[in-house]
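**Q** sequence first, then the predicted structure:
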Amino acid sequence: ADAPVNVVVTKPYRKLRKAVRALGEDPADNDLHALRIKGKRLRYAAELVGSSAKGLVKATRGFQEVLGEHQDAAVAEETIRRLLTDQDDPQVIFVAGRLVEREHARRLAYRAQWRDKWAAVDEYASAYGH
């Protein structure tokens, strides 16, 4: 038997919603990474509910995936930049620079999607009376 959706997802949804509302227009990468964890908690709660929360599970998974890709790109960009500090080989610097450009573009592309993904989560959660 499925548990009632509103009882199980209320707390993690409200925590996630509060965190989203607290963010400014251009949140720090670490703030977005923290949202991913809260999104994961909401998804797990929705999965416990069962089939009646299938839409919320799917929306929350999409939210997590976008934030996860953003985090991966941000970490890769930062790591490559750090590894370049003592580098003096022009070919290595060139290749690393191209990798930094690619990861930076990925980070920005995923960053641009997170609010739309949140809107989908919020819409599904609101359908359950939150």
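**A** Nice, I can see it.
**Q** so for stretch 22-33, mean pLDDT?
**A** On average, the pLDDT along stretch 22-33 is 93.
**Q** list the buried residues in it.
**A** Across stretch 22-33, burial judged by 16 or more other Cβ atoms under 10 Å covers 23, 27, 29, 32-33. C-beta coordinates here come from the backbone N, C-alpha and C atoms, glycine included.
**Q** all strands for this protein, in order.
**A** Counting by DSSP state E, the chain has no strands at all.
**Q** and the helices in it?
**A** 5-22, 29-49, 54-83, 90-111, 114-127 (DSSP state H).
**Q** among these, which gets the worst mean confidence?
**A** Ranked by mean pLDDT, the helices of the chain bottom out at helix 5-22, with a mean of 90.
**Q** tell me what angle that helix forms with helix 54-83.
**A** 30 degrees (axes from the mean of the first three to the mean of the last three Cα atoms, to 10 degrees).
**Q** what's the angle from helix 5-22 to helix 29-49?
**A** Using the same axes, to 10 degrees: helix 5-22 against helix 29-49 is 170 degrees.
**Q** how about the CA coordinates for helix 5-22, as CSV?
**A** C-alpha atoms of helix 5-22 as CSV (Å, rounded to 0.1, in the frame of the first residue of the first chain):
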residue,chain,number,x,y,z
VAL,A,5,2.1,11.6,-0.5
ASN,A,6,1.5,14.8,1.4
VAL,A,7,2.6,13.3,4.8
VAL,A,8,5.9,11.8,3.5
VAL,A,9,7.2,14.5,1.2
THR,A,10,6.1,17.6,3.2
LYS,A,11,9.2,18.1,5.3
PRO,A,12,11.9,17.5,2.6
TYR,A,13,9.9,19.6,0.1
ARG,A,14,9.6,22.5,2.5
LYS,A,15,13.3,22.4,3.3
LEU,A,16,14.2,22.4,-0.4
ARG,A,17,11.7,25.2,-1.2
LYS,A,18,13.1,27.3,1.7
ALA,A,19,16.7,26.8,0.4
VAL,A,20,15.6,27.7,-3.2
ARG,A,21,13.9,30.8,-2.0
ALA,A,22,16.9,31.9,0.0
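**Q** which helices and strands sit right next to it?
**A** helix 29-49, helix 114-127 (3 or more Cβ pairs under 8 Å, 6 or more residues apart in numbering; DSSP states H and E).
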